[in-house]
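In: Here is a sequence with its predicted model. Questions after.
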Amino acid sequence: MKKENDDIIKKEIKENAPELSKVSKQNPFEVPENYFQELNKNIKDNITSEKSSKIIPLRTRKILAYAASIAIIITLGFYSFIMLQKDDTNIFADANDELIEFYFTYLIENDEISYFDIVDLEENDYFESSEYLFKNEYIDKISDDAFMEYLIDYMDTYYYSFEEISATNSNHYVFNNNN
Amino acid sequence: MNKYPDDKVLVDMFKSGENPEKTFNIIIDKYQESIYWHVRRILIDHEDANDTVQNVFIKVWKNLNSFRGESKLYTWLYRIATNEAISFLKNKRKRFLVPFADVENELSNKLETDNFFKGDEIQKKLQKAILTLPEKQRIVFNLRYFDEMKYEDISQIMNTSTGALKASYHIAAKKVEDFLKND
């Protein structure tokens, strides 16, 4: 197991979290005396007893088979959006309904828009039109940083990948700060 | 870890069928500590980590013959360990019907009473800060910050692109920083 260069790890933390960089990295957890010698023995004992019992295969994991080129393009786009803070990134280009719903959840949770505004938008068929869906009067209130942080938390909480959230379907909405 | 044979050599030795128990003992010796600490940071409690690590190595024993070597052995081990630890927390939530945040709160409280936690106040605060992160972000933070793992390796463990991992780590570090400063 080759570790990352120590200087890179330190630099990352020093730049983003100076207070954290002052905290000792010494392991604060302990184990009972001779624990690892016993762990080794317990694992071997368990395996010996398991060998005579039926073998259950490891749970089959869902294989996320994304086309490599598309994944790379989306990933690079996503990463550069966060890190480079580009002004005109079309993050909602090709967004699906889930992302649209998520976006409005964000607006409601952050008091940028009320539930009644959404109902109003729906009643006026504004959902049919990307022009109204991402009206600047709502978008301008949100900083990209705050929204991206919220989006990443959402993905990390529910184990979504960005590719899953922004997977293309029949809807094509466009979000552009410069509109 | 230089005293141990290379991972590829170990896998080939195991698959050759000549004394796989002996080869597996070497794999246990080589990785049990790092896998234990990875799981312990997720589950906090020693007994929970102990049970989980034993399950991890039983699964590795049962499946090593079908390991195709498309990833590194150690990232495969970490992946199994991560999945086992996440499953443990999921089962805990199901068993006690508690929402996500409550399990994390319980782990945070556990730090106060854990006889096997010997860190000072600031280290305790750091662990509590980490427990406020979403589960996946917490694991990414631990792997990068404590295990000092390369993003490429974390990507194999978490099945997530390196770009998304960098973003998650960036935000996690910022949130931990805010917690250390303000709470």
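Out: Structure's in. What do you need?
In: Which residue does chain A have closest to chain B?
Out: When scored by CB to the nearest CB, chain A has A:Pro28 as its residue closest to chain B, at 2.4 Å. For the C-beta atoms, the positions are set from N, CA and C on the backbone; glycine is no exception.
In: Surely A:Tyr159 and B:Pro134 touch.
Out: No: when contacts are counted by CB atoms under 8 Å, A:Tyr159 is not listed as touching B:Pro134 (9.4 Å).
In: Flag the shaky bits of chain A, pLDDT-wise.
Out: By pLDDT under 70, the low-scoring segments of chain A are A:51-147, A:158, A:160-179.
In: 80 - rerun?
Out: A:1-2, A:50-179 (pLDDT under 80).
In: what separates the nearest residue to B:Tyr31 once chain neighbours are set aside from B:Val56, distance-wise?
Out: In this structure, B:Tyr31 finds its nearest non-sequential neighbour in B:Leu77, 5.6 Å apart by CB to CB, 6 or more residues apart in numbering or on different chains. Taking CB to CB, to the nearest Å as the measure, B:Leu77 falls 7 Å from B:Val56.
In: what's the overlap in contacts for these two?
Out: B:Ile35 (CB atoms under 8 Å, 6 or more residues apart in numbering or on different chains).
In: Which residue, other than its chain neighbours, is closest to the residue of chain A closest to chain B?
Out: Among residues not flanking A:Pro28 along the chain, B:Gly119 sits closest, at 2.4 Å (CB to CB, 6+ apart).
In: likewise A:Asn40?
Out: Per CB to CB, 6+ apart, closest to A:Asn40 is B:Ile28, 5.5 Å.
In: Am I right that the one you found is in contact with B:Phe57?
Out: Yes: judged on CB under 8 Å, B:Ile28 makes contact with B:Phe57 at a distance of 6.1 Å.
In: what kind of secondary structure is B:Leu89 in?
Out: helix (DSSP: H, G, I helix; E, B strand; the rest coil).
In: can you tell me how far the residue nearest in space to the middle of chain B sits from A:Lys3?
Out: Of all residues in chain B, the one closest to the mean position by CA atoms, centre = their mean is B:His38, 3.3 Å from it. Here B:His38 is placed at a distance of 14 Å from A:Lys3 (CB to CB).
In: which neighbours do the two share?
Out: B:Asp147.
In: Identify the residues contacting the closest residue to chain A within chain B.
Out: Per CB to the nearest CB, B:Gly119 is where chain B lies closest to chain A, at 2.4 Å. Neighbouring residues of B:Gly119 by CB under 8 Å, 6+ apart: A:26, A:28-29, B:126-127.
In: switch to 10 Å and redo it
Out: Neighbouring residues of B:Gly119 by CB atoms under 10 Å, 6 or more residues apart in numbering or on different chains: A:23-24, A:26-30, B:111, B:125-127.
In: Secondary structure element for it, which one?
Out: Assessed by DSSP states H and E, B:Gly119 sits outside every helix and strand.
In: in stretch B:173-183, what's buried?
Out: Across stretch B:173-183, burial judged by 16 or more other CB atoms under 10 Å in any protein chain shown covers B:173, B:175-177, B:179-180.
In: sorry, that was for stretch A:19-34
Out: Those would be A:20-21, A:23, A:28-29, A:31, for stretch A:19-34 by 16+ other CB under 10 Å.
In: Now do the end-to-end distance for that stretch.
Out: 35 Å (CA to CA, to the nearest Å).
In: ditto for stretch B:142-158
Out: 12 Å.
In: So is it next to chain A?
Out: Yes: contact of stretch B:142-158 with chain A (CB under 10 Å from any CB of the partner chain) involves B:144-155, B:158.
In: So which residues make contact with the lowest-mean-pLDDT helix or strand in chain B?
Out: When the helices and strands of chain B are compared on mean pLDDT, DSSP states H and E, helix B:100-113 comes out lowest with a mean of 78. Residues from elsewhere that reach helix B:100-113 (CB under 10 Å, 6+ apart): A:28-29, A:157, B:42-45, B:48, B:89-90, B:92-93, B:96, B:98-99, B:114, B:117, B:119, B:123-125, B:127-135, B:138.
In: helix or strand for the residue lying closest to B:Phe146 once chain neighbours are set aside, which one?
Out: Nearest residue to B:Phe146, sequence neighbours excluded (CB to CB, 6+ apart): B:Arg41, at 6.5 Å. Following DSSP H and E, one finds B:Arg41 within helix B:20-43.
In: sorry, back to before: so for the least confident helix or strand of chain B, what gets flagged as buried?
Out: B:103-104, B:107-108, B:110-111.
In: Return the closest of those with respect to B:Ser34.
Out: Distance ranking of these against B:Ser34, using CB to CB, places B:Leu107 first at 20.9 Å.
In: quick one: that closest one and B:Ile42, what's the gap?
Out: 9 Å.
In: shared neighbours, the two?
Out: Contacts common to B:Leu107 and B:Ile42, judged by CB under 10 Å, 6+ apart, are B:48, B:89, B:130.
In: Any part of stretch B:45-64 near chain A?
Out: Yes: with CB under 10 Å from any CB as the measure, stretch B:45-64 is seen reaching chain A through B:46, B:49-50, B:53-63.
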